[in-house]
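> Just to be clear, the model below is a prediction. Sequence and coordinates:
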Amino acid sequence: MATFQKVVTLDVHCSVNKHIFLEEIYPRRRPAILRGVDIGPCKTKWNVEYLAKHAGDKEVKIHVSSNPQMDFIHKNFLYRSLPFSTLIKRSAESTHSEFFIDQDEVYYLRALGDDPRKDIANIHQQFPDLAKDLNIPDFFEPSKFFSSVFRIASKGLQLWTHYDIMDNMLIQVTGHKRVVLFSPQEAENLYLDGDKSSVLDIDNPDLSKYPRFAHAVRMEGRLEPGDILFIPALWFHNVISEDAGVAVNVFWKHLSDEMYDHKDTYGNKDLVLAQRAMQIVDGAIKALDKLPEDYRDFYARRLVLRIQSKAYSKTSDL
Ligand SMILES: O=C(O)CCC(=O)C(=O)O
Ligand SMILES: [Fe+2]
């Protein structure tokens, strides 16, 4: 664990029901681990044999990497397809007799809709037999449901730090995970490239390249089988699988429908108004580009100051 950053331990709430969630946890808009919620028989049933038998031979698109620390910048992974049952078996074994890259390769599934450009992942549609074993807690209005996403990871796999734009319940069905989160107010310390942080090795970062990362306050916790991690929209998260595991995450909309981009099938496209604001800023940068350097630099600073003074409202309260 990095000692240069302030670390705040995630709260673990035991025996949470809808009332406690809605009254005490949700309004704080801070991540928390919910333990002891009834997630259904999946918790005991979903072993490798059972999953392989009940999910059938549906082809799924996966990430395959020889390095468990997946790197979206250098793309150290491949996209491949496997039947779900094969993926389940392979993700649970540590060395493989059949492989794409090498016998130690790791796998990650982020399930997609049937046609990923149009359809949204929904475990009830894509894996109806398995969905019967999962009880999604009724902590939000059914009309606010967006997607339910199968996530399967090999032991050791680390998913890069990113944010999503919807509220999220990450239901860890089997396996343990270490989760590290950063508040949205840490954006300036995370060296973002779109929705992802360029700092991949969060425990041993190159501070000569990413000096501000040392100031990012992190929240940290460990998920056990059956735990639910509540990730409020915009909170950055980095996930390390301590063993092979299966999770289902549920995204739901906490804002009104028209705020969301209707072409978003992942739950990570910025809100329509945020996209528009960013396009306008891109236009402003283009206009600055036409100025002589001294003026460009000066007015760029003025723009930053104007945005800060008029649009910032929060400092991290961790
Ligand atoms: O646990 C994982 O595999 C990643 C979870 C995640 O990124 C999410 O639920 O949004
Ligand atoms: Fe995510």
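Okay, I see it. Ligands and ions are numbered 1, 2, ... in the order given.

> Near ligand 1, which residues of this protein? Just list them.
When proximity is defined by C-beta under 6 Å from any ligand atom, the chain lies next to ligand 1 at R151, A153, L159, D164, N168, L170, K177, H237, V239, A247, N249. C-beta coordinates here come from the backbone N, C-alpha and C atoms, glycine included.

> Swap in 5 Å and give it another go.
R151, D164, L170, V239, N249 (C-beta under 5 Å from any ligand atom).

> are any of the residues you listed buried, and which?
Buried members of the residues of the chain next to ligand 1, scored by 16 or more other C-beta atoms under 10 Å, are R151, D164, L170, V239, N249.

> mind listing which of the residues you listed are in helices?
Using DSSP state H to define helices, no part of these is located there.

> ok, back up a step: got TSV for the residues of the chain next to ligand 1, with pLDDT too?
Listed next are the residues of the chain next to ligand 1 as TSV, based on pLDDT from 0 to 100:
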residue	pLDDT
R151	97
D164	97
L170	98
V239	98
N249	97
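
> Any chance of TSV for those residues, columns distance to G221?
Compiled in TSV, the residues of the chain next to ligand 1 are given as follows (distance: C-beta to C-beta, whole Å):
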residue	distance to G221
R151	17
D164	18
L170	11
V239	11
N249	16
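
> Next step: the residues you listed restricted to strands.
Using DSSP state E, R151, L170, V239, N249 are the members of these that sit in strands.

> Identify the farthest-apart pair in the residues you listed.
Of all pairs drawn from those, the one with the longest distance (C-beta to C-beta) is V239 and N249, at 10.2 Å.

> on that earlier part again, please identify which of the residues of the chain next to ligand 1 is nearest to Y260.
Distances from Y260 to those, taken by C-beta to C-beta, are shortest for D164, at 11.7 Å.

> The closest one reaches N268, doesn't it?
Yes: using C-beta atoms under 8 Å, D164 is in contact with N268, at 4.8 Å.

> Now list whatever residues contact both of these two.
Counting by C-beta atoms under 8 Å, 6 or more residues apart in numbering, the contacts common to D164 and N268 are D195.

> Any stretches of the stretch 101-250 of the chain with poor pLDDT?
Along the stretch 101-250 of the chain, no part satisfies pLDDT under 70.

> where along it do the helices fall?
Using DSSP state H, counting those that start in this stretch, the helices found in the stretch 101-250 of the chain span residues 123-126, 128-131.

> returning to what we had before: what is the nearest of the residues of the chain next to ligand 1 to K43?
Using C-beta to C-beta, the residues of the chain next to ligand 1 come closest to K43 at L170, 14.5 Å.

> Tell me how far the closest one lies from P205.
24 Å (C-beta to C-beta, to the nearest Å).

> Same question for I88.
Relative to P205, I88 is positioned 33 Å away (C-beta to C-beta).

> give the contact list for whichever residue of the chain sits closest to ligand 1.
Closest residue of the chain to ligand 1, C-beta to the nearest ligand atom: N249 (3.4 Å). By C-beta under 8 Å, 6+ apart, the contact list for N249 reads S148, V149, R151, N168, M169, L170, I171.

> mind listing what the residue lying closest to it once chain neighbours are set aside touches?
Spatial nearest neighbour of N249, excluding adjacent residues (C-beta to C-beta, 6 or more residues apart in numbering): L170 at 4.4 Å. If you count contacts by C-beta under 8 Å, 6+ apart, L170 has them with R151, L223, I228, L229, F230, I231, A247, N249.

> Could you rerun that using 10 Å?
Neighbour list for L170: 31, 33, 149, 151, 177, 179, 223, 227-231, 237, 239, 247-251 [criterion: C-beta atoms under 10 Å, 6 or more residues apart in numbering].

> How about G194?
Residues near G194 by C-beta under 10 Å, 6+ apart: F72, H162, Y163, N268, D270.

> Would you reformat those as CSV and include neighbour count and distance to D38?
Output for the contacts of G194, formatted as CSV (neighbours: other C-beta atoms under 10 Å; distance: C-beta to C-beta, whole Å):
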residue, neighbour count, distance to D38
F72, 18, 35
H162, 18, 29
Y163, 23, 29
N268, 16, 29
D270, 18, 34
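
> between these, which is closest to Y295?
Nearest to Y295 among the contacts of G194, with distances taken as C-beta to C-beta, is D270, at 30.1 Å.
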